[in-house]
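Q: Got a predicted model here, sequence first, then my questions.
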Amino acid sequence: MGVLNVTPDSFSDGGRHADAQAACDHAHAMAEAGAAIIDIGGESTRPGAAAISGAEQLRRVIPVIARIASTLETVISVDTSDPLVMREAVAAGAGMINDIRALQAPGAMEAASELQVPVVLMHMQGEPKTMQQQPDYTDVVAEVAGFLQSRMNAAQDAGIPFERLLIDPGFGFGKRLEHNLQLLARLESIVALGAPVLVGLSRKSMLGAVTGADLNERLPAGLAAAVMAVERGAAIVRTHDVAATVQAMKMVQATRIAA
Ligand SMILES: Nc1nc2[nH]c(SCCc3ccc(S(N)(=O)=O)cc3)nc2c(=O)[nH]1
C-alpha cells in the first residue's frame, strides 16, 4: 500500500489543480513501482495534528481520487473516519476504506456497511492531537487484540461480512516505543484474530528511537520492520517507499515458496 499524502503541507503553494495532477503522477509512479493499493488521506493524523473538517477533507481528496480512478486500475483506499468522506470517496472511485478510528465515528459503521467495500479497522489510543502525551497499557498486545476483536464483532453485527474486514495494530497511534516493539514482536497475536493484518511502519518514530535515524533516513530500518511484520503474518505493508519495499517483499515471498 503506497502512501499518497494530500494534506496541504505536502502540497506546493500552487492551485489545487496542479496539485491534483502531481498527486496523480505520484500515484502512477507508485503503481508502476508495484503498489497494489494507493492510500489517500486528507487528514494529517500524525501526533499533535488537529482534526480536519469533513468538508476540507472532501476538497482535498475527492478531486485526486476522481483523477486517479479514471486513469489507474490500482485499488484506491481512502484514509478517513468521516462517513460523508467515505461515501463521496467510493462514489469517486475508491475501492477501500482505511479508518484509523475503526468506524467509531457517528454514522461511519452504517456508511461502511452500505458501501460494501473492504474496510481497515485500526487501533488508536485517544486522538492524534493527544495520543502521544501519555500512552499507557497493562498488556498492549492483549488490549490491542481485544479492541480489534470488539470492532470486528461490531462490524459484523452491523452487516459487514468478515471477508471485508482488515485489522491494524496502529503503530505509533498512542503507543510508546516499548509498546510498538511489543506489538511488532508479538504480531502473531494480532494475526491470530483471522482478518488480514495491515501494518504502517514507514518512517515512524519507533524506527528513529531505535536507530537514531532522522525522518528521511529511516528506510533500512523501515524495510527490516516490514520484513519482520510480514514474516509474522502481516498481509499488507503501508509505505512511502514502494519500490524498496516491493524488493524486500519479493525476497520474503521467494524464500517462503522455496521452503
Ligand atoms: N491503517 C493505517 N493507516 C495509517 N495512516 C497513517 S498516517 C501516519 C500518522 C503517524 C505519523 C507518525 C507517527 S509516529 N509518532 O509514530 O512517528 C504516528 C502516526 N498511519 C497508518 C497506519 O499505521 N495504519
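A: Thanks, I have it. Numbers count the residues shown, from 1 in each chain.
Q: going forward, measure contacts and count neighbours with C-alpha atoms only.
A: Noted.
Q: List, one by one, the residues from the stretch 51-200 of the chain near the ligand.
A: Asn98, Ile100, Met122, Asp168, Gly170, Phe171, Gly172, Phe173, Val199, Gly200 (C-alpha under 6 Å from any ligand atom).
Q: List only those of these flagged as buried.
A: With burial judged by 16 or more other C-alpha atoms under 10 Å, the buried subset of those is Asn98, Ile100, Met122, Asp168, Gly170, Phe171, Gly172, Phe173, Val199, Gly200.
Q: Just send those back as JSON lines, with pLDDT, distance to Ile76 and secondary structure too.
A: Shown next, in JSON lines, are these (pLDDT from 0 to 100; distance: C-alpha to C-alpha, whole Å; DSSP: H, G, I helix; E, B strand; the rest coil):
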{"residue": "Asn98", "pLDDT": "98", "distance to Ile76": "10", "secondary structure": "strand"}
{"residue": "Ile100", "pLDDT": "98", "distance to Ile76": "16", "secondary structure": "coil"}
{"residue": "Met122", "pLDDT": "98", "distance to Ile76": "18", "secondary structure": "strand"}
{"residue": "Asp168", "pLDDT": "99", "distance to Ile76": "18", "secondary structure": "strand"}
{"residue": "Gly170", "pLDDT": "98", "distance to Ile76": "20", "secondary structure": "coil"}
{"residue": "Phe171", "pLDDT": "98", "distance to Ile76": "22", "secondary structure": "coil"}
{"residue": "Gly172", "pLDDT": "98", "distance to Ile76": "23", "secondary structure": "coil"}
{"residue": "Phe173", "pLDDT": "97", "distance to Ile76": "23", "secondary structure": "coil"}
{"residue": "Val199", "pLDDT": "99", "distance to Ile76": "17", "secondary structure": "strand"}
{"residue": "Gly200", "pLDDT": "98", "distance to Ile76": "16", "secondary structure": "strand"}
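Q: Those residues: which two are farthest apart?
A: Asn98 and Gly172 (16.0 Å; C-alpha to C-alpha).
Q: Can you report how many residues lie near the residue in the stretch 1-150 of the chain that the ligand sits nearest to?
A: Nearest to the ligand, among the residues of the stretch 1-150 of the chain, is Arg46, at 3.7 Å (C-alpha to the nearest ligand atom). Arg46 is flanked by 15 other residues according to other C-alpha atoms under 10 Å.
Q: ok, now which ones touch the residue nearest to it when sequence neighbours are not counted?
A: Of all residues not flanking Arg46 in the chain, Pro128 sits nearest, at 6.0 Å (C-alpha to C-alpha, 6 or more residues apart in numbering). Going by C-alpha atoms under 8 Å, 6 or more residues apart in numbering, Pro128 touches Thr45, Arg46, Pro47, Gly48, Ala49, Ala50, Ala51, Phe173, Gly174.
Q: Show me where the protein has its strands.
A: 2-5, 37-41, 75-79, 96-99, 119-122, 165-168, 198-200, 236-238 (DSSP state E).
Q: Nearest to Ala142 among the ones you listed would be which one?
A: That would be strand 165-168 among the strands of the chain, by C-alpha to C-alpha, at 13.7 Å.
Q: Give me the residues contacting the worst-scoring helix or strand of the chain on mean pLDDT.
A: Every helix and strand in the chain was compared by mean pLDDT, DSSP states H and E; the lowest is helix 16-32, with a mean of 91. Around helix 16-32, the neighbours that count as contacts under C-alpha under 8 Å, 6+ apart are 2, 4, 6, 11-12, 37-38, 63-64, 67-68, 72, 74, 242-243.
Q: All good on my end, thank you.
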